[in-house]
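Asker: Structure for the following, please:
(2 chains)
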Amino acid sequence: MPDATGAPGSAPDAASRPAATRKPGSPPEATLNAALAGRGAGGAPLAVLRERARAAYDALELPRWRRSGFWQTSFQELDLDALAPIAHAPDPRLPEILAGARSAGVLVQRDACVVHVELDDELAQRGVILCSLEQAAAQHTELFERYYLRRLPLDRHKLEAASAAFWSGGAFLYVPPGLHIEHPFQIVYEISDGGSAQYAHTLAIGDRGSELRLREYDVATGEVAADALHAGQFELYLEDGARCRLAQLTDWGEGAVSDCSTSVVEVGRDAYCHWLPALLGGHLIRHHYELVVAGQGGDMAFRGVLFSQAHEHLDVFAVDLHETGPSGGDVHWRGAATGSSRASFEGLIQINPGAQRTHTYLQFHSMMLSDAAKLDAIPSVLVSADDVSASHGGTVGELDEMLIFYMQTRGLTRPQAVKVIVEGFFEPLIVQLDDPPLEQQIRDRIGVKLAAASDDIERYALAR
Amino acid sequence: MATSLEIRNLHVRTEEREILRGVDLVVRKGELHALMGPNGSGKSTLANTIMGHPGYEVTDGEILVDGENITELPPHERAKLGLFLAFQYPVAIPGVSVANFLRLAINAQREEPIKVKEFGQQLRHAVELLDVDEGFTSRHLNDGFSGGEKKRAEVLQMAMLRPQIAVLDETDSGLDIDALRTVAEGVKKLHGEQGLGALIITHYQRILEYVRPEFVHIMMDGRIVMNGGNELVERLEKEGYDRIREEVAASA
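Answerer: Numbers count the residues shown, from 1 in each chain, chains lettered A, B, ... in the order given. Sure, this is the predicted structure:
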């Protein structure tokens, strides 16, 4: 662990509020209500917030979430003492995943350090800021303090507290009012080796009337044979009238990376966000997403793609929160599972009192590609206003043998036909990215995962 | 590539029951055949079995292409030999456009991927042939298509994949008269231009008025009970299946 900035126990309100109400003797477990803070811990200097987080870190145990059925998402096996931040010198070489891409700016964090930042000169002159979060805290303190942890708490569980207490490097992006930027900003978090503890934090702001594209990549750059951890926090604030297309691609590969992260996007008055996380690989992932429509006329499209294979464990909790109305929401996720993987999508629509004339819809579609895999969808709706429409829906699909036969008669082999079906299953979401190189990246990665699972898929089909 | 499709004493069953009970039939490249018969006589079973549908079990007999037994071949290998099936009920492939699917299917059957220009030319030609509008090929295959559009999409695929011998399973059913004419003209053109051999399965005489097959076969209760030329179509129109059934029963 890095040095703490404060003494344990110095933040009584954090320490006295553990991750969840618990029965005596039962392990701590995050619940729906504890997950929905809605308000963040920010508004104080960084040193104070780190102190509070450190206190919460000391007081809390590693988290565990009980999923539907008979399984759970637990980080309690993780040996934090075996993990440490890994330092790196600056390195101007662009990561492979950005090859050939045009960017407005790039920031790369390798393990614990930001190793490269580049920003288009003209954008810098027009007031765009892209730098490490460390640098932002020191040099753009007023902006930093206005937004940092505005919507994120720091004490719901030990790994959230660890991220808030120990983050290093980090990414800060500020787009000034009215600026429309065509090419994407790209932020990359890399884990290079086993034993790495990466505490990541991204803070991005689209000021009034601005328009931007933002991509975050969470990737492993080598074979991560021993345990490694990414505990990340991501915040994006879209002020009045701002528009953003946000994509987060998480692919830790087949190594032993655990990822416990929280992302929040706040949409202001008449602002809009199209948000697509793609969760395409990782040993153990728990990701909590919160989309808060905070201003009248705010609107969002929240898309998501998840694909688990082999022994991967993938747990998503997504909240579509409306604080005021009229506002719009449209949550549409799709997931597929192969091998003996476990995946779960828990989606919640919450409409607060006063958020009248809100219209939102949540849907999750799943496709089973193995009888040993589990893929659960748990939608719920909490409505505290009376003039709204909020509903949810979903489908559970399996490979359609008639469809496979149809394609075989056109000359496709069985694995080719399966690939077409699975790609077609995700395609309605991928094509909405409106970003051909990124779309292709996601399609390619899905193709690789399918190829790796093809024997397993075949066995499943023959057994039915 | 297939120059002849020969079916010998074919017996086929599903989990529930035996459907084909000894079918014999030969279709050569360049020949147009019609297969008629009442509902439930086994026509669609024959079509699906020719392509290797896993739900149908061949219990006896053989399917031969150019003398080689293909009864055990998987469906995609049969497609590579030049066989094709236009489905009675084409299935939708959500998320995959007509054009993309065609490119995949064409590339699946060749060593080198087809050149963009060549593909474009072939596609334009096929689109004209089938009288569909340009936007058609960017729609998801069969997804939300009308009955007529699905059948046109089947013939469009046939035009692009250039099979030697195709089975058309009630491609005419559910079509209005204009769509029927378009589809029939398409089949005739492929017959003329590419030397397509076809086995046209139908209930109705109408498509046969346009296509004019040289060989007509009548199937009942899992067997082909009568073979002839176009005069059989006219006879059926006048007399119906019952007379033929009586005649077959008498001669048995």
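
Asker: can you pull out the strands in the stretch 101-250 of chain A?
Answerer: A:105-110, A:113-119, A:129-132, A:171-175, A:185-191, A:197-206, A:211-220, A:228-238, A:243-251 (DSSP state E, counting those that start in this stretch).

Asker: Pull the residues that contact stretch B:109-128.
Answerer: A:411, B:79-80, B:99, B:102-103, B:106-107, B:134, B:136-137, B:156, B:159-161 (Cβ atoms under 8 Å, 6 or more residues apart in numbering or on different chains). All C-beta spots, glycine's among them, are computed from the backbone N, C-alpha and C.

Asker: if we can go back for a sec, between the strands of the stretch 101-250 of chain A, which one is closest to chain B.
Answerer: strand A:243-251 (18.6 Å; Cβ to the nearest Cβ).

Asker: tell me the angle of the closest one relative to strand A:228-238?
Answerer: Taking axes from the mean of the first three to the mean of the last three Cα atoms, to 10 degrees, one finds strand A:243-251 and strand A:228-238 inclined to each other by 170 degrees.

Asker: Parallel or antiparallel, list what pairs with strand A:243-251.
Answerer: Note on strand A:243-251: by DSSP bridges, its sheet partners are strand A:211-220 (parallel), strand A:272-279 (parallel).

Asker: any idea how far A:Gln356 is from A:Glu290?
Answerer: 21 Å (Cβ to Cβ, to the nearest Å).

Asker: pretty sure A:Leu154 contacts A:Arg54?
Answerer: No. With contact defined as Cβ atoms under 8 Å, A:Leu154 does not reach A:Arg54; the gap is 9.7 Å.

Asker: how about low-confidence regions in the chain?
Answerer: Assuming you mean chain A. A:1-38, A:67-70, A:463-464 (pLDDT under 70).

Asker: The chain in question should be chain B.
Answerer: For chain B (pLDDT under 70), the answer is B:252.

Asker: Which single residue of it approaches chain A most closely?
Answerer: Closest point on chain B to chain A, by Cβ to the nearest Cβ, is B:Gly95, at 3.0 Å.

Asker: Just read off the phi/psi values of that residue.
Answerer: phi 80, psi 0 (degrees, to the nearest 10).

Asker: isn't it right next to A:Val422, touching?
Answerer: No. With contact defined as Cβ under 8 Å, B:Gly95 does not count as touching A:Val422 (9.3 Å).

Asker: which one of A:Gln356 and A:Glu290 has more residues nearby?
Answerer: A:Glu290 (23 against 15; other Cβ atoms under 10 Å in any protein chain shown).

Asker: so A:Ala247 bridges to which residues?
Answerer: A:Arg215, A:Leu276.

Asker: Next: the one 4 residues further on.
Answerer: Legend: beta-bridge partners of A:Asp251 under DSSP bridges are A:Val219.

Asker: Next up, the contacts around the residue lying closest to A:Asp207 once chain neighbours are set aside.
Answerer: Spatial nearest neighbour of A:Asp207, excluding adjacent residues (Cβ to Cβ, 6 or more residues apart in numbering or on different chains): A:Pro177 at 4.5 Å. Taking Cβ under 8 Å, 6+ apart, we find A:Pro177 in contact with A:Asp207, A:Arg208, A:Gly209, A:Ser210, A:Glu239.

Asker: go with 10 Å
Answerer: A:Gly127, A:Gly206, A:Asp207, A:Arg208, A:Gly209, A:Ser210, A:Glu239, A:Asp240, A:Gly241, A:Ala242 (Cβ atoms under 10 Å, 6 or more residues apart in numbering or on different chains).

Asker: cool, and A:Gln139?
Answerer: A:Ile129, A:Cys131, A:Phe172.

Asker: Count the residues that sit near the first one.
Answerer: Yep, that's A:Ile129 we're talking about. So A:Ile129, with other Cβ under 10 Å, has 19 neighbours.

Asker: again with the second one
Answerer: Residues contacting A:Cys131 under the criterion other Cβ under 10 Å number 20.

Asker: and the gap between it and B:Met226?
Answerer: 85 Å.

Asker: now swap in A:Arg52 and tell me
Answerer: 90 Å.

Asker: Which one's more surrounded, those two?
Answerer: A:Arg52 (25 against 18).

Asker: Which parts of the stretch 151-252 of chain B are helices?
Answerer: B:177-194, B:206-211, B:231-251 (DSSP state H, counting those that start in this stretch).

Asker: Chain neighbours aside, what residue packs nearest to B:Gly228?
Answerer: B:Gly228 sits nearest to B:Val216 (Cβ to Cβ, 6+ apart), 5.4 Å away.

Asker: The one you found pairs with what?
Answerer: B:Ala34, B:Gly228.

Asker: do the same with A:Gly394
Answerer: A:Phe364.

Asker: of the contacts of stretch B:109-128, buried ones?
Answerer: Among those, the ones that count as buried by 16 or more other Cβ atoms under 10 Å in any protein chain shown are A:411, B:79, B:99, B:102-103, B:106-107, B:136-137, B:156, B:159-161.

Asker: on that earlier part again, got a winner among the contacts of A:Pro177 for most neighbours?
Answerer: Of the contacts of A:Pro177, with other Cβ under 10 Å as the count, A:Gly206 tops at 29 neighbours.

Asker: Tabulate the buried ones among the contacts of stretch B:109-128 in JSON lines, adding columns for distance to B:Thr202.
Answerer: Putting the buried ones among the contacts of stretch B:109-128 into JSON lines (distance: Cβ to Cβ, whole Å) gives the following:
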{"residue": "A:Gly411", "distance to B:Thr202": "25"}
{"residue": "B:Ala79", "distance to B:Thr202": "23"}
{"residue": "B:Ala99", "distance to B:Thr202": "29"}
{"residue": "B:Leu102", "distance to B:Thr202": "25"}
{"residue": "B:Arg103", "distance to B:Thr202": "31"}
{"residue": "B:Ile106", "distance to B:Thr202": "28"}
{"residue": "B:Asn107", "distance to B:Thr202": "32"}
{"residue": "B:Phe136", "distance to B:Thr202": "24"}
{"residue": "B:Thr137", "distance to B:Thr202": "27"}
{"residue": "B:Leu156", "distance to B:Thr202": "19"}
{"residue": "B:Ala159", "distance to B:Thr202": "20"}
{"residue": "B:Met160", "distance to B:Thr202": "23"}
{"residue": "B:Leu161", "distance to B:Thr202": "22"}
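
Asker: Mind picking the two most distant members of these?
Answerer: Using Cβ to Cβ, the two most remote members of the buried ones among the contacts of stretch B:109-128 are B:Ala79 and B:Phe136, lying 22.7 Å apart.
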